[in-house]
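> prediction below, plus the sequence it came from.
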Amino acid sequence: MKKHILTLLAASLPALATEAPPMIPDGPVEYESISYDSGYGYDPTVTPAYDTPAADAAYTAAPMPAPSSEANGSINLNVYTSNYQVRGMGFCNALTEHGFSSLSGSYTLPNRNYFNRGIQQRFAGEIGVIWGAGQPLGDTPLANVHYAMGKEIFPNLLVEVGSTFRRGGMEGYMAHVHDGSSHRATWEFDLCLTYNDKQRGFFGSATWGIAVWGLTGSYFDAEIGYRFTDVINTARFCSDLELSAGIAPSVGYWGSNVEGVDAYRVKVALCPFSPNGGFGRDGRTHIKPWLQCAWSGSTSEKMANFTHYGPVDHFQITVGVDLGWKF
């Protein structure tokens with residue numbers, strides 16, 4: 001039997017060897033349309049589970065609260081300053097002897113996108129008392145009102161164009177000296193750049209002002225500083241430290257031909273804060289004790305010639321305490 005099967009296989013091999021291969025069709029090969037969605041339960045009207053809001057919430061961090069810098073308003077109480085100064089320029093005891101206190105505030109309107117250009121409007125004001133009613137600067141309360149329009153041109157950098165009306169203070173006193181009138185008021189326009197980077201600690205400002213009534217001329221005030229974080233960090237007391245330096249030149253602001261540098265200043269301030277964030281830093285309230293050293297510039301002698309006495313101290317060490325509230 002086995003021999004018979006082998007004989008049949010041997011007889012069929014020549015026929016298999018001579019069979020022609022299948023023909024390859026000419027032209028492009030056409031494929032049938034195949035749907036890979038069929039048979040797998042796919043429904044285009046049903047959103048997959050991994051796209052649902054419930055699933056996204058598991059991978060989305062909780063939203064952070066708005067930073068305090070977004071607060072519209074602020075109030076600052078300068079409890080006491082041992083010397084009355086203007087942009088670092090300190091004045092002699094013949095004008096003021098017992099220091100200065102003030103209450104100031106600022107409010108930015110909630111709409112910060114006027115004209116669809118990211119422009120905001122801000123109102124500010126200050127009232128103050130130069131202690132010592134018997135002194136020439138102490139017999140008139142200090143007050144000013146300020147309006148500005150501003151825009152953030154770069155992150156943390158704000159530019160503002162504004163106008164300020166002042167009454168009293170050294171500006172009002174010099175306006176009275178200029179024309180001998182009873183009023184002690186001035187009006188000026190200013191351009192201001194303000195920078196504050198809370199993450200990196202750098203801050204500063206630069207202001208150029210032009211007086212148009214009461215006083216004439218212009219002034220410039222520049223300041224740059226750095227905030228050192230956690231210089232004190234204990235279970236009972238935490239504080240940052242701010243160190244800044246400034247310069248204030250003027251051209252004809254305090255009198256004709258009075259031009260040069262009004263003052264140089266260096267300031268150090270403690271910024272206490274609570275570990276839970278409710279006070280200081282990003283809290284709504286803060287306290288800031290500070291110390292400032294100020295040196296008079298080249299305009300002090302020119303002001304002495306203009307007023308016929310020396311109104312400016314050549315060097316002053318000033319201490320003060322500020323209380324603040326944001327809303």
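Structure's in. What do you need? Numbers count the residues shown, from 1 in each chain.
> direction included, what does the helix or strand residue 319 falls within pair against?
Assigned by DSSP states H and E, residue 319 belongs to strand 315-326. Its sheet considered, strand 315-326 pairs with strand 73-81 (antiparallel), strand 285-296 (antiparallel) by DSSP bridges.
> and for the spatially most central residue of the chain, nearest residue in space, chain neighbours not counted?
Most central in the chain under CA atoms, centre = their mean is residue 196, positioned 3.7 Å from the mean C-alpha point. Spatial nearest neighbour of residue 196, excluding adjacent residues (CB to CB, 6 or more residues apart in numbering): residue 203 at 4.6 Å. To be clear about C-beta, it is placed using only N, CA and C from the backbone, and glycine gets the same treatment.
> partners of that neighbour in the sheet?
residue 196, residue 225.
> which residues are in contact with it?
Residue 203 sits next to 195, 196, 197, 224, 225, 226, 227, 242, 244 when contact means CB atoms under 8 Å, 6 or more residues apart in numbering.
> where's the first one relative to residue 159, distance?
What that stands for is residue 195. Using CB to CB, to the nearest Å, residue 195 is found at 10 Å from residue 159.
> then residue 199?
Residue 199 sits 21 Å away from residue 159, taking CB to CB as the criterion.
> give me the more crowded residue out of these two.
Neighbours of residue 199 and residue 159, each counted by other CB atoms under 10 Å, are more numerous for residue 159; the result is 16 against 7.
> please verify my assumption that the more buried one contacts residue 192.
Yes - using CB atoms under 8 Å, residue 159 is in contact with residue 192, at 7.3 Å.
> so what's residue 259 up against?
217, 249, 250, 251, 252, 299, 302.
> and the last one, that one's in a helix?
It refers to residue 302. Yes - under DSSP: H, G, I helix; E, B strand; the rest coil, residue 302 sits within a helix.
> do you know how far the nearest residue to it once chain neighbours are set aside is from residue 217?
Of all residues not flanking residue 302 in the chain, residue 258 sits nearest, at 4.4 Å (CB to CB, 6+ apart). According to CB to CB, residue 258 stands 8 Å off from residue 217.
> same thing with residue 292?
From residue 292 to residue 217 the distance is 25 Å (CB to CB).
> more crowded one of those two?
Regarding residue 292 and residue 217, a neighbour count based on other CB under 10 Å identifies residue 292 as having more, with 22 against 18.
> hey, what's the more buried one bridged with?
residue 267, residue 318.
> wait, it sits on residue 263?
No - between residue 292 and residue 263 there is no contact, the gap being 10.4 Å when judged by CB under 8 Å.
> what residues do those two have in common as contacts?
85, 88.
> any weak-confidence spans in the stretch 201-327 of the chain?
By pLDDT under 70, the stretch 201-327 of the chain contains no weakly predicted segment.
> contacting residues around the strand holding residue 319?
68, 71, 73-83, 85, 90, 284-296.
> next one: it to chain centre, how far?
Computed by CA atoms, centre = their mean, to the nearest Å, the chain-centroid distance of strand 315-326 equals 20 Å.
> would you verify that residue 305 is located in a strand?
No - counting by three-state DSSP, residue 305 falls outside a strand, being helix.
> just send the strands paired with strand 315-326 back as a markdown table, with distance to residue 184 too.
Converted to a markdown table, the strands paired with strand 315-326 look like this (distance: least, CB to CB, whole Å):
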| stretch | distance to residue 184 |
| --- | --- |
| strand 73-81 | 20 |
| strand 285-296 | 23 |
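> ok, which of the ones you listed comes nearest residue 270?
Comparing these against residue 270 with CB to CB, the closest turns out to be strand 285-296 (5.3 Å).
> now the closest one: buried residues?
Within strand 285-296, the residues scored as buried using 16 or more other CB atoms under 10 Å are 286, 287, 288, 290, 292, 294, 295, 296.
> also stretch 214-229?
So, applying 16+ other CB under 10 Å, buried residues of stretch 214-229: 214, 215, 216, 217, 218, 219, 220, 221, 222, 223, 225, 227.
> how distant is it from the center of its chain?
Centre-to-centre, stretch 214-229 and its host chain are 15 Å apart (CA atoms, centre = their mean).
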